[in-house]
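Asker: Sharing a model prediction with you, sequence too.
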Amino acid sequence: YEGRLYDHEEGIKYMIAMKDYGVALHNVGNKTRESIEIFQEMLELDRNDNLNAKEHLLRCYMSNALGEKARELIDQYPNHKSNMFLYTLSLLNYISVLIEEEGSSITIANQSLSKAISCNK
C-alpha cells in the first residue's frame, strides 16, 4: 500500500487518525519533532497527499526554526501554490536577505511576496 494507502477505505481512516495525532502532538503536546515524523510518513504512504500533510509538515518546520527543511519541502512541490507555501517561501526569502545568505536578494523576496499576494485575488 505504500504511496497508495489513501486509495483504500481503511487507509483513509488510518491516515485521518495519523493527521489528527500529528496535529495534536504539535499543537497541544508541544512535540513537534514527533509530529514531523508522522507527517513525513504520511507523505510516503499517500503520494497524492490527500490530507495536505505537506502543509502540516511545513508548519512544523517553521515553528521549529527549520528554515532549510522548509525550503527543501517547498522545492519538492514546485506546482503546489497554496497560500501557506507561497507566504512561507516569501518569509524565507526575506529572512535570507536579512542574514545575507548567498544568492538572496530583495528583488527575489519582493517577487515571492507579490506571488503570494496575488494568490489571494
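Answerer: That came through fine.
Asker: The one helix or strand Ser35 maps to - contacts with which helices or strands?
Answerer: Using DSSP states H and E, Ser35 sits in helix 32-45. In terms of contacts (3 or more C-beta pairs under 8 Å, 6 or more residues apart in numbering; DSSP states H and E), helix 32-45 is packed against helix 9-27, helix 53-63. For the C-beta atoms, the positions are set from N, CA and C on the backbone; glycine is no exception.
Asker: Packed most tightly, which of these would that be?
Answerer: Ranked by mean neighbour count, the helices and strands packed on helix 32-45 are led by helix 53-63 with a mean of 21 (mean count of other C-beta atoms under 10 Å).
Asker: Go ahead and produce CSV holding the CA coordinates of that one.
Answerer: In CSV, the C-alpha atoms belonging to helix 53-63 read as follows (Å, rounded to 0.1, in the frame of the first residue of the first chain):
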residue,chain,number,x,y,z
ALA,A,53,0.4,16.6,5.2
LYS,A,54,3.0,18.7,3.5
GLU,A,55,1.3,21.9,4.8
HIS,A,56,1.3,20.5,8.3
LEU,A,57,4.9,19.5,7.9
LEU,A,58,5.8,22.9,6.7
ARG,A,59,4.2,24.5,9.7
CYS,A,60,6.2,22.2,12.0
TYR,A,61,9.4,23.0,10.3
MET,A,62,8.8,26.8,10.6
SER,A,63,7.7,26.6,14.2
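Asker: could the helices and strands packed on helix 32-45 be laid out in a markdown table, adding mean pLDDT and distance to Ile74?
Answerer: Output for these, formatted as a markdown table (pLDDT from 0 to 100; distance: least, C-beta to C-beta, whole Å):
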| stretch | mean pLDDT | distance to Ile74 |
| --- | --- | --- |
| helix 9-27 | 94 | 19 |
| helix 53-63 | 97 | 7 |
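Asker: nearest to Asn120, of the ones you listed?
Answerer: Asn120 sits nearest to helix 53-63 of all these, at 16.5 Å, using C-beta to C-beta.
Asker: Thank you kindly, that will do.
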